[in-house]
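**Q** only geometry, no sequence info:
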């Protein structure tokens with residue numbers, strides 16, 4: 001840019017125009033100008049790439065005004081459609097499926113559901129693994145809110161302690177078996193125990209003794225025939241020799257008692273036991 005110097009004269013006077021003494025150049029020239037253009041071009045390229053990546057991410061993640069992908073934001077909360085994978089813990093107040101489908105929780109290892117109190121301590125835990133299901137709950141009791149609890153498996157259900165239930169029932173056309181391999185099996189009820197088999201037999205097997213005890217009432221065997229097939233039979237011996245055998249006697253009121261076996265029947269209709 002050239003700065004020119006002007007001189008004011010009166011009319012009729014002629015002056016020579018002085019020569020340009022100083023010339024000032026304003027702007028960026030040379031390699032600085034080329035570097036600036038290159039930097040601006042690089043910024044434009046980065047801007048275009050970022051804009052393209054943003055559009056691609058929005059398209060791949062299925063962003064929309066109501067949510068992202070299968071995740072929708074509704075008035076009731078978050079709605080997730082289809083299968084989803086969570087890599088970290090999921091915290092939610094309530095999880096439920098649609099009305100016309102079931103809720104599936106699937107994992108390659110274990111599925112663990114924890115319940116915590118206000119202090120963050122675990123008060124209940126459900127651990128479902130490939131070979132077992134574990135319940136860790138409150139020390140006082142476990143409550144399962146269902147009308148029927150169904151346990152399937154070749155070995156049935158194993159209880160380390162007592163079980164309180166109004167009914168134990170097997171599936172149709174299958175056997176019901178109550179077993180204690182190493183200890184005793186006890187069934188207690190304040191108003192009675194009813195064991196019923198509509199089609200089949202009832203068997204009670206024990207390595208030691210089987211005791212049927214009623215504290216207040218009577219033991220009633222109501223059947224067409226009562227058989228004791230494995231009672232030992234004595235041999236004919238001398239008088240007064242019982243051989244450690246006893247005879248089962250029945251009173252007129254149905255009471256049973258033992259009498260020392262003899263050559264003939266030792267049961268007496270009016271025994272002192274029947275009085």
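**A** Yep, that arrived. From a predicted model like this one, the values you see are computed outputs, not experimental measurements.

**Q** Does residue 127 have any beta-bridge partners, and if so which?
**A** On the basis of DSSP bridges, residue 127 is bridged to residue 112, residue 134.

**Q** Could you tell me whether residue 45 really is in a strand?
**A** No - under DSSP: H, G, I helix; E, B strand; the rest coil, residue 45 sits outside any strand and is assigned helix.

**Q** after the lowest-mean-pLDDT helix or strand in the chain comes which helix or strand?
**A** Every helix and strand of the chain was ranked by mean pLDDT, DSSP states H and E. The lowest is strand 67-68, at a mean of 72. Sequence-wise, the next helix or strand downstream of strand 67-68 (DSSP states H and E) is strand 71-73.

**Q** Can you pull out the residues in contact with whichever helix or strand comes after that following strand?
**A** Counting by DSSP H and E, the next helix or strand C-terminal to strand 71-73 is strand 78-80. Residues outside strand 78-80 that contact it (CB atoms under 8 Å, 6 or more residues apart in numbering): 67, 70-73. Using the backbone N, CA and C atoms, a C-beta is placed for each residue, glycine as well.

**Q** Would you state the strands of the stretch 51-200 of the chain in chain order?
**A** For the stretch 51-200 of the chain, the strands defined by DSSP state E, counting those that start in this stretch cover 63-64, 67-68, 71-73, 78-80, 111-116, 122-128, 133-136.

**Q** In TSV, list these along with distance to residue 222.
**A** Output for the strands of the stretch 51-200 of the chain, formatted as TSV (distance: least, CB to CB, whole Å):
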stretch	distance to residue 222
strand 63-64	74
strand 67-68	70
strand 71-73	66
strand 78-80	61
strand 111-116	50
strand 122-128	46
strand 133-136	41
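
**Q** Between the ones you listed, which one is closest to residue 259.
**A** strand 133-136 (54.4 Å; CB to CB).

**Q** Just checking: what are the partner strands of the helix or strand that the closest one is followed by?
**A** Sequence order places strand 246-250 as the next helix or strand after strand 133-136, per DSSP H and E. Sheet pairing here is set by DSSP bridges, and for strand 246-250 it gives strand 256-260 (antiparallel).
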